[in-house]
Each structure stands twice: as structure tokens, then as C-alpha cells.
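In: this one's sequence-less:
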């Protein structure tokens with residue numbers, strides 16, 4: 001039930017059209033970072049919506065999927081993991097020159113344990129009754 005509610009709330013928001021709540025929540029960010037000339041990297045679409053149009057705003061979209069709500073315009077540069085995701089951002093209004101395909105950005109510590117973690121997970125699935133935990137990143 002909570003998952004359904006969360007998805008309904010997210011799908012109703014269009015971060016390309018900041019709501020009153022977004023403008024109020026984003027006011028401190030705009031005051032602190034809105035007119036700064038330094039590059040600023042953000043990794044959530046709501047932050048792109050709040051800081052839209054800021055010079056040198058970089059949006060790192062690190063997921064292998066790009067749901068509608070993640071396709072927010074207003075960044076100077078968008079970093080994406082694949083060419084397929086780049087195409088989705090171009091369809092949303094970005095030019096090819098505004099998109100950098102980086103591949104997946106994975107912490108070296110995670111890479112080092114990935115194979116062993118995968119093998120351990122597969123063993124647990126073969127002998128265990130079900131999932132005992134879930135970890136999600138947005």
C-alpha cells in the first residue's frame with residue numbers, strides 16, 4: 001500500500017513545473033546556490049527542478065531506467081549511464097551536446113565484493129524461503 005501511495009505522489013508531480021511546495025522548499029537552495037558560478041552536481045530530479053536554469057548545473061542520473069519524473073529540463077549537463085537513457089533525455093528536450101554518457105558510477109568497494117555478494121545471494125535464494133530485506137536507491 002505504501003509503495004502504491006509513493007508512486008501516486010511521485011507521478012503527480014512534474015518537476016519541470018515547480019509547484020508552490022517546490023518553490024518554498026527550494027528557496028534556501030536557490031538563495032545559497034542559484035547565482036554561484038561554480039559547477040554544482042545534483043542527483044535528484046526535484047533538485048534540477050528547483051535549480052532549473054542555474055548556470056553550470058549538472059544532473060547526474062545514475063539509473064538504468066528513466067521514469068517520466070526523472071526527465072527534468074534545466075540542467076546545463078546531464079550525466080547518464082547508457083546511450084538508451086541519453087536518447088530519453090534528448091526526447092525530453094536536451095541536446096546531444098548537453099548529455100554525457102558515463103557508464104554506471106559504482107563505488108570501487110562495491111565492485112570488489114560484487115561477484116561474492118552475487119554468489120551468496122544465489123545460494124540464499126536456493127535454500128531460503130524468501131526475501132529478508134530490500135534496499136532501494138532513488
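Out: Arrived safely, thanks for sending. Everything quoted here is computed from the prediction, not taken from an experiment. Numbers count the residues shown, from 1 in each chain.
In: Just the local confidence number for residue 26, please.
Out: Residue 26 is assigned a pLDDT of 88 by the prediction.
In: Find the helix or strand that it is a member of.
Out: Using DSSP states H and E, residue 26 maps to helix 20-33.
In: Could you give me the buried positions within stretch 95-110?
Out: Neighbour-count burial for stretch 95-110 flags 98, 99 (criterion: 16 or more other Cβ atoms under 10 Å). No exception for glycine: its C-beta is placed from N, CA and C like everyone else's.
In: same question but for stretch 53-70, I mixed them up
Out: Across stretch 53-70, burial judged by 16+ other Cβ under 10 Å covers 54, 57, 58, 59, 60, 61, 66, 69, 70.
In: which strands and helices sit next to the helix holding residue 26?
Out: Counting contacts by 3 or more Cβ pairs under 8 Å, 6 or more residues apart in numbering; DSSP states H and E, helix 20-33 is packed against helix 45-50.
In: Other residues contacting the helix it packs on?
Out: If you take Cβ atoms under 8 Å, 6 or more residues apart in numbering as the criterion, helix 45-50 is touched by 13, 15-16, 18, 22-23, 25-26, 29-30, 42, 57, 59, 61, 69-75.
In: and what of stretch 52-63?
Out: For stretch 52-63, the external contacting residues (Cβ under 8 Å, 6+ apart) are 16, 18, 33-43, 45, 48, 51, 70, 72-81, 85, 89, 102, 104-105.
In: mean confidence for that stretch?
Out: pLDDT averaged over stretch 52-63 gives 93.
In: Distance from it to the middle of the chain?
Out: A distance of 10 Å separates the centroid of the chain from that of stretch 52-63, by Cα atoms, centre = their mean, to the nearest Å.
In: same question, stretch 120-127
Out: In terms of Cα atoms, centre = their mean, the centre of stretch 120-127 is found 30 Å from the chain centre.
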